[in-house]
Structure formats: C-alpha cells, structure tokens
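Asker: take this sequence and fold it.
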Amino acid sequence: MNPRRPIRVTANYCLWRLGVRHVLPNHYVRRVPVRECGEPLVDLAGCSVDLDGRLGVDLRVRMSVAEALERANGSLPAGWRLVVVEAFRSRARQQELWERARRETVAGHPTAAPAEIDRLTGLVVANPNTGVANGHQTGGAVDLTLADDTGELWMGTEVQQFTPVTATRAAVAGDVRHRRAVLVAAMTAAGFVNYPAEWWHFSLGDQLWAAYRRKRYGRYGEVTHGDGPAGF
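Answerer: This next block holds a predicted model:
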C-alpha cells in the first residue's frame, strides 16, 4: 500500500475487507481504471419497470443496465415492481446538486473550513469537480424503490432523503428491513451492487460496481453528449 496514503483511508479499506465497515472509501472507488465499452444509452420507457417522473430527469441507462433491470423486476415477489426515480445524470445536473448541497452544508456548519465543507457535502452528493465521474454520469447507476398494486412501498425514507436510517443496513422496522432485503437480493442477482450508504442506489459497470466486485476495471465512463459515451 502507498505509504503516503492517509492512515485513516487505509484503515477504512482494511475494515471493509474484513466486513466491519460496509462503505468502501471513495479513494478506492475513484482509482479503479475504466475501459469504456461503448454501449449506448437506452430509454427505460421501453422496459417493464415503472418510471417516476418526480424529478423531471433523464431516465436513460446503458443497454446492459436496462436488461439487468428487466431481470431484477421479473424476479420480485408477485405484485411487486421496481420504480426508477433517477438514472443518467448530466454533469450539469451533478453540478447543480453539488452546489445546492454545499450551500446547505455551509448553512449548517458556518465556521467550517472550505475543505471540510467539501468533505461533508461529499457524504451526500458526489463532487463533480474531482475529475472522476459519478456513477449516474456514466449511465451505469440508478436510484429506485419498490411498489405494489397500492403504490410505492415505504422503505424507511424517501429516495434521496438523507436521515439516520438512509444506509441500507440501518436499524429499521421489520417490514422495511424485509423490503430492503428483497430489493437488494433481486438487484444483486441481476448483477448490480448496492451502495451501502444509500438503500436506493445501485450500480452496474461503473467504478463503484467494479470496486465493490473487486473487478480490475469498470466498463462505463462518463457520457458527455448525445446518446453515447465520450468520444462516440
């Protein structure tokens, strides 16, 4: 291991390997190389999953992600289905989310240094200014929840709502715990990985997916324009 790397980062990585810590340090996610495979973005309107338009955002993903969502949706208990809230996210939208979250962080920590403000903000929104694309910017990440014939199922928080029980394995009521377990099992079986700090966030093919699966590289880089990845 790099002796110049902060001891805290290395310690957290070791705790993750031992299963004591659930969230892998961002440093190890960001360092995963990407070999862009060139898959196009596809519209989820053609899939069996439900789409939630509450955010008014782009609901496209990479082709393999759409296929995996179909598999996950088909494996759920009878009457249950996936509801996708957010998928592909442009760099401009990521910047907007970052700036909004950073203003909220400053309001809550008025005496904190800029670096600490950035660190705290980064706990809830990926920083678009690091030179590393957030998973949503690759088309390989989705934020989603579950629904049945009566509507969306309560999962302990709303999607993208940060509270003490936002983490996937947080202490929640039995029915909520069961729903989260069903969601994670279906998505994992279909090839996704869950980001443990957010019960709603799942990735396939991006750096986060590669890091948690201990892959040598991710296969999706940032999509910067049109219907395909940068350079296409």
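
Asker: every contact and neighbour count from this point should use C-alpha atoms.
Answerer: Fine.

Asker: go ahead and flag the most central residue of this protein.
Answerer: His201 (3.7 Å; CA atoms, centre = their mean).

Asker: that residue: what's it in contact with?
Answerer: Shown in contact with His201 (CA atoms under 8 Å, 6 or more residues apart in numbering): 141-144, 194-195.

Asker: longest helix of the chain, counting residues only.
Answerer: Longest helix of the chain, by residue count under DSSP state H: helix 91-108.

Asker: picking up where we left off before, determine which two of the contacts of His201 are furthest apart.
Answerer: Leu144 and Tyr195 (12.2 Å; CA to CA).

Asker: so those two - more neighbours on which side?
Answerer: Leu144 (23 against 20; other CA atoms under 10 Å).

Asker: SS state for that one?
Answerer: strand (DSSP: H, G, I helix; E, B strand; the rest coil).

Asker: what separation is there between it and Asn73?
Answerer: Look at Leu144 and Asn73: by CA to CA, to the nearest Å, they are 11 Å apart.

Asker: do Val32 as well
Answerer: For Val32, the distance to Asn73 - CA to CA - is 29 Å.

Asker: the more surrounded of those two?
Answerer: Set side by side, Val32 and Asn73 show more neighbours around Asn73, with 23 against 19, by other CA under 10 Å.

Asker: so that one is in which element?
Answerer: Taking DSSP states H and E as the definition, one finds Asn73 inside helix 63-74.

Asker: in that helix, what counts as buried?
Answerer: For helix 63-74, the neighbour count (16 or more other CA atoms under 10 Å) marks 63-66, 68-74 as buried.

Asker: now do the strands in this structure.
Answerer: 41-43, 50-51, 60-62, 81-86, 141-148, 151-152, 193-194, 201-203 (DSSP state E).

Asker: out of these, the one nearest Thr168 is which?
Answerer: Closest of the strands of the chain to Thr168 is strand 193-194, at 8.3 Å (criterion: CA to CA).

Asker: make JSON lines out of the contacts of His201 and add distance to Asn26 and pLDDT.
Answerer: Compiled in JSON lines, those are given as follows (distance: CA to CA, whole Å; pLDDT from 0 to 100):
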{"residue": "Ala141", "distance to Asn26": "16", "pLDDT": "96"}
{"residue": "Val142", "distance to Asn26": "18", "pLDDT": "96"}
{"residue": "Asp143", "distance to Asn26": "19", "pLDDT": "95"}
{"residue": "Leu144", "distance to Asn26": "22", "pLDDT": "96"}
{"residue": "Asn194", "distance to Asn26": "15", "pLDDT": "97"}
{"residue": "Tyr195", "distance to Asn26": "11", "pLDDT": "95"}
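
Asker: Asp43: which of those is nearest?
Answerer: Using CA to CA, those come closest to Asp43 at Val142, 12.8 Å.

Asker: quick one: the closest one from Gly53, how far?
Answerer: For Val142, the distance to Gly53 - CA to CA - is 14 Å.
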